[in-house]
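Asker: can't give you the sequence, but here's the structure:
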């Protein structure tokens with residue numbers, strides 16, 4: 001079975017993030033594998049253990065993404081691919097990523113593609129569905145369980161706190177939700193083996209892509225941190241007076257009515 005995972009390198013939201021001139025200061029930021037993509041990598045490895053085959057992890061970015069790819073290899077993936085856009089594209093968005101990935105997958109045979117439900121830096125959840133649409137294959141999002149029998153996959157997915165069971169044929173794309181599995185930590189032997197596993201680097205020219213064809217369709221104007229929360233107020237007195245005071249505060253201070 002040819003199993004692929006699309007992975008994104010994201011900043012660690014548990015670390016301090018510094019905003020300068022309307023953008024994240026990457027020099028001081030810590031970067032990790034997008035946590036939802038970790039679920040996808042773990043599930044890909046488990047599928048390989050059950051059905052055989054190879055797991056290939058693919059990402060788009062600069063050479064600094066090799067660290068996260070090596071981590072995926074240490075977890076148990078067999079191969080890694082970096083589509084290096086550092087010298088070719090200044091900006092990209094979900095359209096850019098899905099278009100580049102679609103050209104890569106058109107040149108490679110696959111049975112299933114896994115990815116995270118969302119990326120914690122943008123949270124749009126668009127790349128997976130966009131990629132599936134470009135490849136003209138079925139896709140299922142927010143999956144919490146998957147069983148494959150031959151050419152058919154039976155999938156459980158999260159639907160706003162409830163569940164849904166879907167049966168779909170391969171090839172397909174799925175996006176992982178929290179609860180699908182518990183991602184493993186790279187072991188020391190896995191880390192040592194990862195150094196010898198293949199990591200292929202491509203540029204968009206290798207995929208016969210014109211820069212104009214993958215130009216971003218959106219533009220980020222500014223990134224900013226949410227305002228600090230102010231201390232709350234405790235209203236005292238009779239209930240009727242509290243209600244009157246609350247309405248005034250909602251009008252004059254909160255400006256929500």
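Answerer: Thanks, I have the structure now. Only a predicted model underlies this, so the values are computations on that prediction, with no experimental measurement involved.

Asker: what are the buried residues along the lengthiest helix in the chain?
Answerer: In the chain, assigned by DSSP state H, the helix with the most residues is helix 35-51. For helix 35-51, the neighbour count (16 or more other C-beta atoms under 10 Å) marks 35-48 as buried. Glycine gets a C-beta too; all of them are placed from N, C-alpha and C.

Asker: just checking, what packs against it?
Answerer: Other elements packing on helix 35-51 under the criterion 3 or more C-beta pairs under 8 Å, 6 or more residues apart in numbering; DSSP states H and E are strand 2-6, strand 54-61, helix 66-75, strand 112-116, strand 139-149, strand 172-176.

Asker: hmm, who's touching that helix?
Answerer: Outside helix 35-51, the residues that touch it by C-beta atoms under 8 Å, 6 or more residues apart in numbering are 1, 3-8, 33, 53-55, 57, 72, 75-78, 112, 114-120, 146, 148, 175-178, 180-184.

Asker: now do stretch 125-133: distance to the chain's middle.
Answerer: Centroid displacement of stretch 125-133 relative to its chain, using C-alpha atoms, centre = their mean, to the nearest Å, is 11 Å.

Asker: ok so, going back, out of the contacts of helix 35-51, which are buried?
Answerer: 1, 3-8, 33, 53, 55, 57, 72, 75-78, 112, 114-120, 146, 148, 175-177, 180-181, 183.

Asker: low pLDDT regions in this structure?
Answerer: Low-confidence segments of the chain (pLDDT under 70): 22.

Asker: quick one: the helices in it?
Answerer: So, for the chain - with DSSP H - the helices run 35-51, 66-75, 94-105, 127-135, 188-194, 239-252.

Asker: make CSV out of those helices and add distance to residue 163.
Answerer: Listed next are those as CSV, based on distance: least, C-beta to C-beta, whole Å:
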stretch, distance to residue 163
helix 35-51, 17
helix 66-75, 27
helix 94-105, 27
helix 127-135, 20
helix 188-194, 33
helix 239-252, 38
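
Asker: which one, of these, ends up nearest to residue 21?
Answerer: helix 94-105 (22.6 Å; C-beta to C-beta).

Asker: which elements pack onto that closest one?
Answerer: Using 3+ C-beta pairs under 8 Å, 6+ apart: helix 94-105 touches strand 54-61, strand 79-84, helix 127-135.

Asker: residue 98: what's it in contact with?
Answerer: Listed by C-beta under 8 Å, 6+ apart, the contact partners of residue 98 are 126-127, 130-131, 134.

Asker: quick check on the residues you listed: which are buried?
Answerer: Of the contacts of residue 98, these count as buried by 16+ other C-beta under 10 Å: 126-127, 130-131, 134.

Asker: looking at those, which is nearest residue 239?
Answerer: Of all the buried ones among the contacts of residue 98, residue 239 sits closest to residue 126, with 47.9 Å by C-beta to C-beta.

Asker: now the closest residue to that closest one other than its chain neighbours: how far from residue 236?
Answerer: Excluding the flanking residues, the one nearest residue 126 by C-beta to C-beta, 6 or more residues apart in numbering is residue 94, at 4.0 Å. In this view, residue 94 and residue 236 are 50 Å apart by C-beta to C-beta, to the nearest Å.

Asker: what of residue 105?
Answerer: Residue 105 is 64 Å from residue 236, by C-beta to C-beta.

Asker: the two: which has the busier surroundings?
Answerer: More neighbours surround residue 105 than the other of residue 105 and residue 236, with 20 against 8 (other C-beta atoms under 10 Å).

Asker: check the separation of the first and last residues in stretch 116-127.
Answerer: 9 Å (C-alpha to C-alpha, to the nearest Å).

Asker: to clarify, my last question referred to stretch 134-144.
Answerer: So stretch 134-144: terminal residues 24 Å apart, C-alpha to C-alpha.

Asker: so what touches it?
Answerer: Here stretch 134-144 makes contact (C-beta under 8 Å, 6+ apart) with 98-99, 102, 105-106, 117, 125, 128-129, 132-133, 155-159, 163, 166, 168-169, 171-177, 179-180.

Asker: no further questions, thank you.
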